[in-house]
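[1] Have a look at this prediction, sequence included:
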Amino acid sequence: MDRDIERFYEFLNRRRSVREFMDREIEEEKLSRFLDVLRNAQGAANRQPRHFIVVKGEKREGFNRVFTKEGFKNAPLCIVACAEPDKAWVRKADRTNYAWVDTTIAITEMIAASSAEGIGTCWVAAIDPAQVKTILDIPENIEVVAVIAMGYPKEPLVVQEKARKPLEEIIHHERW
Ligand SMILES: Cc1cc2nc3c(=O)[nH]c(=O)nc-3n(C[C@H](O)[C@H](O)[C@H](O)COP(=O)(O)O)c2cc1C
């Protein structure tokens, strides 16, 4: 396999959810690359019905109320991913609104980039969206999809076996 491709898979595979962070800020230039990934992600009909709130520095501590797990409170950076359903593509056949899909695609790509850069992340869904909206002044029509806790991991990212269902349980050939 080509070395670049090998590295690509290595970066993907070393991603894991990180819940303990070092006391070390993420460099601005890394952050700006992550924000570009969020911006450039693919999405249905290119409607881009997504917003991301960067919570760091002085604002960061006040935001800790949203977390129950202690480790997340030490993450130097949180990105709050939001969907704007009014701006999203809606599938005609069943009226499915793609705002959340488009938002989660962007998050996933950014998390992959973070892993490549040695930054640990955890997708935190177990928050109270209403509380997050109040703390961050998020408008009524915007939905909070996830909080991504980010920082240098206490334990470095390495490729390791993941607890996953076997392929044959999830991949179906030709038909279910
Ligand atoms: C949509 C989503 C929501 C999640 N919510 C939480 C959460 O609220 N708290 C948490 O500790 N981990 C959360 N996780 C992390 C998962 O528990 C984790 O991805 C899963 O156990 C697989 O482990 P891995 O990420 O280390 O491969 C979430 C992950 C995803 C993708």
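    On my side now, so go ahead.
[2] For the rest of this, base every contact and every neighbour count on C-alpha atoms.
    Fine.
[3] tell me, how many neighbours does residue 122 end up with?
    Neighbours of residue 122 under the rule other C-alpha atoms under 10 Å: 21.
[4] my guess is it meets residue 146, correct?
    No: if you go by C-alpha atoms under 8 Å, residue 122 and residue 146 don't touch, sitting 9.9 Å apart.
[5] Check the burial of residue 40 by counting its neighbours.
    Residues near residue 40, counting by other C-alpha under 10 Å: 13.
[6] and it, what does it touch?
    residue 106 (C-alpha atoms under 8 Å, 6 or more residues apart in numbering).
[7] Residue 78 too?
    54-56, 60, 147-150.
[8] check contacts around residue 45.
    residue 89.
[9] Quick check: it is in a helix.
    Yes: using DSSP: H, G, I helix; E, B strand; the rest coil, the assignment for residue 45 is a helix.
[10] what's the spacing between it and the ligand?
    Counting by C-alpha to the nearest ligand atom, to the nearest Å, the gap from residue 45 to the ligand is 23 Å.
[11] for residue 152, same thing?
    15 Å.
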